[in-house]
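Q: turn this into a model:
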Amino acid sequence: MKRFAYYLKVERQMSPNTVAAYCADVSDFLASCSKPGESADSADVEDYVALRSKDLSKRSQARLLSSLRSYFDWLILEGDRRDNPCDRVDTPKLGRYLPAVLSVEEVSAIMESVDLRSPQGVRDRAILEVLYGCGLRVSEVCGLLISQVYLQEGFVRVVGKGNKERLVPLGEMAADSFSAWLEVRPVPSSPEFSDIAFLNRFGAPLSRVSVFNMIKKQSLLAGVRKEISPHTFRHSFATHLIENGADLRVVQEMLGHESILTTEIYTHIDSRTWQAAVLEHHPRNK
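A: Numbers count the residues shown, from 1 in each chain. Just a heads-up that it's a prediction; the model follows:
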């Protein structure tokens, strides 16, 4: 697994989270199969996916197959196999995934629900403003450095998936919230955390779970009943830009998508919005 993880990280340039997920999938498969990867066949893969399908969505099943396919490809590269048994296994058919999106009013309600009378509240507001204002992933927010935020110039240098860098404009509201947080930011608990932007009250970096829980709490306080996560703000950022006429290529660059096909999902969300508006006001629609 260590060698496989090295291959995923260095040669495939996958993120640490993806590497961990792929290795967990493969380890679980090998334990269930009771065979070494060199001798596993397509029937073993099909039996395992069928077993896991009881508690996995189709999208998760597809991710599982992707993990196994990568593992067998690696074995072929290592000279331990001559074929990939996943090639003979059908991938679950996926519908078009349309992520949950907040309205501008819902975003504002969540922002306003934060109590700014405590340093923690000032920090949480800054996190929300950066998530929505810059369209960052939660991992990018948790790993954001103060030295990567250029308040005077109005942009953020983001290190995303595969250690790829991109520049994202920093709006006035996000910049003001970030500046307010820097004024009350606690003393780092260790010199190695001195440049980490967002710290907990003990002076240590925030975890992704902490940000997720904070967003759940604020959405309930704001009366937003949608199932949301930190990524919802990224989806909302992109959707609102496209709804207001932003070029798709620009949105692709700001989100850090390698392929514009990934960004095109937000044009489908936009079409869903105007479709609902048309049907609501059309005289021949009941």
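Q: residues contacting the nearest residue to Asp41 once chain neighbours are set aside?
A: If the residues on either side of it in the chain are set aside, Asp41 comes closest to Pro85, at 5.1 Å by C-beta to C-beta, 6 or more residues apart in numbering. Placement of C-beta: from N, CA and C, glycine included. Contact partners of Pro85, counting by C-beta atoms under 8 Å, 6 or more residues apart in numbering, are 40-42, 44-45, 72.
Q: which residues of the stretch 1-150 of the chain fall in helices?
A: With DSSP state H, counting those that start in this stretch as the criterion, the stretch 1-150 of the chain has helices at 2-6, 16-33, 42-52, 58-77, 104-112, 119-134, 138-142.
Q: show me what the fifth one is packed up against.
A: To tie it back to what came earlier, the one meant is helix 104-112. In terms of contacts (3 or more C-beta pairs under 8 Å, 6 or more residues apart in numbering; DSSP states H and E), helix 104-112 is packed against helix 119-134, helix 208-221, helix 230-243.
Q: Arg63: which of those is closest?
A: helix 230-243 (15.6 Å; C-beta to C-beta).
Q: wait, isn't Trp74 in contact with Tyr6?
A: No - counting by C-beta atoms under 8 Å, Trp74 sits too far from Tyr6 to count as a contact (9.9 Å).
Q: which one of those two has more residues nearby?
A: The residue with more neighbours, out of Trp74 and Tyr6, is Trp74; 21 against 12, by other C-beta atoms under 10 Å.
Q: quick one: that one from Arg63, how far?
A: Note on Trp74: its distance to Arg63, by C-beta to C-beta, to the nearest Å, is 17 Å.
Q: now Ala109
A: With the distance defined as C-beta to C-beta, Ala109 ends up 33 Å from Arg63.
Q: these two touch, right, Tyr71 and Gly37?
A: Yes - using C-beta under 8 Å, Tyr71 is in contact with Gly37, at 6.4 Å.
Q: higher neighbour count, those two?
A: Remark: of Tyr71 and Gly37, Tyr71 carries more neighbours, 25 against 20, as counted by other C-beta under 10 Å.
Q: for the residue nearest to that one when sequence neighbours are not counted, what are its contacts?
A: With C-beta to C-beta, 6+ apart as the criterion, Tyr71 has its nearest non-adjacent residue at 4.6 Å, and that residue is Val26. Going by C-beta under 8 Å, 6+ apart, Val26 touches 1, 4, 37, 67-68, 71.
Q: and the pLDDT for Val26?
A: Val26 carries a pLDDT value of 93.
Q: now swap in Ile269 and tell me
A: 48.
Q: that older thread, which stretch among the helices of the stretch 1-150 of the chain comes nearest Thr239?
A: Closest approach to Thr239 among the helices of the stretch 1-150 of the chain is made by helix 104-112 (10.1 Å; C-beta to C-beta).
Q: that closest one: which residues count as buried?
A: Buried residues in helix 104-112, defined by neighbour count with 16 or more other C-beta atoms under 10 Å: 106-107, 109-111.
Q: contacts for it next, please.
A: 102, 125, 128-129, 132, 215, 218-219, 222-224, 226, 233, 236, 240.
Q: where is pLDDT lowest across those?
A: His240 (82).
Q: who's in contact with it?
A: Val104.
Q: state the distance from it to Glu183.
A: Counting by C-beta to C-beta, the gap from His240 to Glu183 is 29 Å.
Q: tell me the most buried of the helices of the stretch 1-150 of the chain?
A: Mean neighbour count (mean count of other C-beta atoms under 10 Å) peaks for helix 119-134 among the helices of the stretch 1-150 of the chain, with a mean of 23.
Q: remind me what that one packs against, helices and strands.
A: helix 104-112, helix 138-142, strand 155-159, helix 172-184, helix 208-221, helix 230-243.
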